[in-house]
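S.K.: The sequence and its predicted three-dimensional model are supplied below.
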Amino acid sequence: MNIPHAIAAIDIGTNSIHMVIARSTEGGFEVITREKNSARLGEGGGDMKIMSAQAMDRGIEALRHMRRVADVHRATIFAVATSAVREASNADEFVDRALTEAGIDIRVISGMEEARLIHLGIIQALPLSNKRSLMIDIGGGSTEVVIADHTEELFARSFKLGAVRLTNRFFQSDSLHPASIASCRRFIESTIAPNRREIRQLGHDIAVVTSGTAETLANMCWGLHHSEAPRSINGLTFTAEDLHTVTELIASAESSAERSKLPAMDSQRVDIILAGALILDTIATSLGIKTFTYCDYALREGVLLDASRRLQPHLDADLHNVAIESAKKLSIRCDDDPTHSATVARLACLIFDDLVKLFEIDEHNRIYLEAAALLANVGITVSHSRHHHHSYYIIRNAELLGFTDHEIEIIAQIARYHRKSEPKTQHQQFAALNNKDQDCVRLLSGILRIAIGLDRTHDGRTIGVNVQNLRGKLVITAQGDSVNDLDLNLYATRERSSLLASVFSCPVVVEEKS
């Protein structure tokens, strides 16, 4: 496998767009350079329901510049977009322009996936292996909260609390309305309230905060007691009491001009820092947090490691484990026979592994097949009739950790075509895929149909399967458990073989191992 010389991770946020370029190493990555642009995609968007033309232009120009920088370093780009893009009604226009004008393929991620990637970034920068961590990332459009025992996530939520979002809502004028701060605090408290009890019951040993807003607040808290800037911001600690003092200082400033004069104030955040400070200060009070530790790594570093693992899956199984565990949890909740689905997933992967040896198939697609096999029957929770259609919609609207929005679409379509009609361009969702993704869905749903046939009896009596290409025929050989016959399973497999035969343009022969 060809490993890229470098990886460029781009985080397209509500307030700014960040890029970090790094070389992949066995232990993680080595940073080459960083870029930042305050594009303010969520500015003036009516609670971020739409991206303005000006904001979109700023974002595209920033991405064009980052594309040029990435090309200089011969870096493979992985770009993710968060709340400003995922909530905007014209998001597709921005994503399309990014691809055509900047040559960057953006993956729009859910709030839960954003939280997972932030967690992945943080644990690379701070020694948290023996601690229960409460992690908070304050972005422009949302605030992510994660509680974890090192790599195991116990709680993850994305709240619509962001520095830009709340500035647009409560602090549009440069002069503060007397009631605006109290109203903003009440809004933050009410947003956190449904999860407050669970978060406090889980508890934490360390509260970690990250993002540009958090960095500014950490520096300002440091400045209350020191005349010189800290040598390193990563790992810097500050108390909730100092945070409250800084928040009051920010709130007491009569204008942005006065606020900009405060020690350690970031000039690019003057207009949104009050909302950001109120978010963190109110969360501290609501959750009983006494001390914060600032982390310099966040979403973009999580994207970087995530991308590295995708390109080199043999180096680390964590990404696969997170994604498949997420699929298993949904299967257990919605599938009336998750054991059968697990058996089908195992058989499907065995078939895929043999086909990879015979044909030019992207081995990274294996995880899509495994997830789709686990989830193909979740639609039964709605009704058995047309449950493949229901499965599509359940998967499509589930927040599967470890997968991007586009990958969830592919998985949902593979599951949708596990029975009944084969993929057709007359079907709206399938037609919306590009040719490469259509080929992927056809291949993997063809394999899934075969695997389902091999466990038609729902009892795991087919214990193995082998695939060979013999004289222009695809020969699938099933191995039984030596106790039960495979007649029904073999019949069902043959009945489901036409799609796979069409994919490879050759007959499919199904037989039992003698």
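M.R.: Arrived safely.
S.K.: can I get the CA coordinates of the helix or strand of the chain with the lowest mean pLDDT in PDB?
M.R.: The weakest-scoring helix or strand in the chain, judged by mean pLDDT, DSSP states H and E, is helix 318-334 (a mean of 79). In PDB, the C-alpha atoms belonging to helix 318-334 read as follows (Å, rounded to 0.1, in the frame of the first residue of the first chain):
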ATOM      1  CA  ASP A 318      -9.200   1.500  17.400                       C
ATOM      2  CA  LEU A 319     -11.000   3.200  14.500                       C
ATOM      3  CA  HIS A 320     -12.500  -0.100  13.400                       C
ATOM      4  CA  ASN A 321     -13.500  -1.000  16.900                       C
ATOM      5  CA  VAL A 322     -15.300   2.300  17.600                       C
ATOM      6  CA  ALA A 323     -17.200   2.200  14.300                       C
ATOM      7  CA  ILE A 324     -18.300  -1.500  14.600                       C
ATOM      8  CA  GLU A 325     -19.200  -1.200  18.300                       C
ATOM      9  CA  SER A 326     -21.400   1.700  17.300                       C
ATOM     10  CA  ALA A 327     -23.100  -0.400  14.700                       C
ATOM     11  CA  LYS A 328     -23.500  -3.300  17.100                       C
ATOM     12  CA  LYS A 329     -25.300  -1.100  19.700                       C
ATOM     13  CA  LEU A 330     -27.800   0.000  17.100                       C
ATOM     14  CA  SER A 331     -28.300  -3.600  15.900                       C
ATOM     15  CA  ILE A 332     -29.000  -4.800  19.500                       C
ATOM     16  CA  ARG A 333     -31.500  -2.000  20.000                       C
ATOM     17  CA  CYS A 334     -33.500  -2.500  16.800                       C
END
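S.K.: Contacts for the next helix or strand after it next, please.
M.R.: As assigned by DSSP states H and E, the chain's next helix or strand after helix 318-334 is helix 338-358. Contact with helix 338-358 is made by 328, 331-332, 335, 361, 363, 365-366, 369-370, 373-377, 444, 447-448, 450-452, 454-455, 458, 460, 462, 464-469, 476, as judged by Cβ atoms under 8 Å, 6 or more residues apart in numbering. Quick note: C-beta positions are derived from backbone N, CA and C, even for glycine.
S.K.: Now a PyMOL select for only the buried ones of those.
M.R.: Selecting only the buried entries of the contacts of helix 338-358 in PyMOL, with 16 or more other Cβ atoms under 10 Å as the criterion:
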select buried, resi 328+331+335+361+365+366+369+370+373+374+375+376+377+444+447+448+450+451+452+454+455+460+462+465+467+476
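S.K.: Show only the entries of the contacts of helix 338-358 found in strands.
M.R.: Thr462, Gly464, Val465, Asn466, Val467, Gln468, Asn469, Ile476 (DSSP state E).
S.K.: For the stretch 301-450 of the chain, give me the ranges with low pLDDT.
M.R.: Scanning the stretch 301-450 of the chain for pLDDT under 70 picks out 312-322, 399, 401-402.
S.K.: sorry, that was for the chain
M.R.: Within the chain, the ranges that satisfy pLDDT under 70 run 1-4, 25-28, 44-47, 312-322, 399, 401-402.
S.K.: State the three-state secondary structure for the residue most central in space within it.
M.R.: Nearest to the mean C-alpha position of the chain, by Cα atoms, centre = their mean, lies Glu113 at 2.9 Å. With DSSP: H, G, I helix; E, B strand; the rest coil as the basis, Glu113 sits in helix.
S.K.: my read: it touches Thr404, true?
M.R.: Yes: counting by Cβ atoms under 8 Å, Thr404 is a contact partner of Glu113 at 6.9 Å.
S.K.: hang on, the earlier thing: and the least confident helix or strand of the chain, how far out from the chain's middle?
M.R.: When C-alpha coordinates are averaged (Cα atoms, centre = their mean, to the nearest Å), helix 318-334 and its chain have centres 14 Å apart.
S.K.: Then stretch 297-314?
M.R.: 11 Å.
S.K.: now stretch 389-399
M.R.: In terms of Cα atoms, centre = their mean, the gap separating the centre of stretch 389-399 from the centre of its chain is 16 Å.
S.K.: which residues touch it?
M.R.: For stretch 389-399, the external contacting residues (Cβ under 8 Å, 6+ apart) are 110-113, 330, 334, 372, 375-383, 408-409, 411-413, 415-416, 418, 429.
S.K.: Give the buried residues for it.
M.R.: Quick answer for stretch 389-399 (16+ other Cβ under 10 Å): His390, Ser391, Tyr392, Ile394, Ile395, Arg396, Ala398, Glu399.
S.K.: Kindly report the same for stretch 118-136.
M.R.: So stretch 118-136, judged by 16+ other Cβ under 10 Å, has buried residues 118-126, 128, 132-136.
S.K.: Looking at those, which is nearest Ala253?
M.R.: Nearest to Ala253 out of the buried residues of stretch 118-136 is Ile136 (Cβ to Cβ; 24.2 Å).
S.K.: Could you break the protein into its assigned domains?
M.R.: Taking automatic domain parsing as the reference, the chain has its domains at 6-110, 127-296, 317-512.
S.K.: So which of those domains is nearest Val303?
M.R.: Across those, closest to Val303 is domain 6-110 (Cβ to Cβ), at 4.0 Å.
S.K.: So for the closest one, first residue to last residue, what's the gap.
M.R.: Using Cα to Cα, to the nearest Å, one end of domain 6-110 lies 26 Å from the other.
S.K.: picking that back up, of the buried residues of stretch 118-136, which belong to helices?
M.R.: Among the buried residues of stretch 118-136, the members falling in helices (DSSP state H) are Ile118, His119, Leu120, Gly121, Ile122, Ile123, Gln124, Ala125.
S.K.: Checking the residue nearest to the last one when sequence neighbours are not counted next. Helix, strand or coil?
M.R.: What it means is Ala125. Excluding the flanking residues, the one nearest Ala125 by Cβ to Cβ, 6 or more residues apart in numbering is Tyr297, at 3.7 Å. Applying three-state DSSP to Tyr297 yields a three-state assignment of coil.
S.K.: Tell me which residues touch the closest residue to Leu120 other than its chain neighbours, please.
M.R.: Setting aside the residues directly before and after it, Leu120 is nearest to Gly302 in space (Cβ to Cβ, 6+ apart), at 3.8 Å. Gly302 makes contact with Arg116, Leu117, Ile118, His119, Leu120, Gly121, Ile122, according to Cβ under 8 Å, 6+ apart.
S.K.: Let's have the residues you listed in a markdown table, adding distance to Leu63.
M.R.: What follows is the contacts of Gly302, written out as a markdown table (distance: Cβ to Cβ, whole Å):
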| residue | distance to Leu63 |
| --- | --- |
| Arg116 | 24 |
| Leu117 | 19 |
| Ile118 | 21 |
| His119 | 26 |
| Leu120 | 23 |
| Gly121 | 21 |
| Ile122 | 25 |
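S.K.: just those residues now: which is nearest Ser142?
M.R.: Of those, the one sitting nearest to Ser142 (Cβ to Cβ) turns out to be Ile118, at 10.7 Å.
S.K.: Going by neighbour count, list what's buried in stretch 215-234.
M.R.: For stretch 215-234, a neighbour-count test (16+ other Cβ under 10 Å) marks Glu215, Thr216, Leu217, Ala218, Asn219, Met220, Cys221, Trp222, Gly223, Leu224 as buried.
S.K.: An error on my part: the question was meant for stretch 424-431.
M.R.: In terms of neighbour count (16+ other Cβ under 10 Å), stretch 424-431 has its buried residues at Phe430.
S.K.: and it, how far apart are its ends?
M.R.: Termini of stretch 424-431 sit 7 Å apart (Cα to Cα).
S.K.: now do stretch 247-257
M.R.: Distance across stretch 247-257, first residue to last, is 16 Å (Cα to Cα).
S.K.: So which bits of that stretch are buried?
M.R.: Buried residues in stretch 247-257, counted by 16+ other Cβ under 10 Å: Thr247, Leu249, Ile250, Ala251, Ala253.
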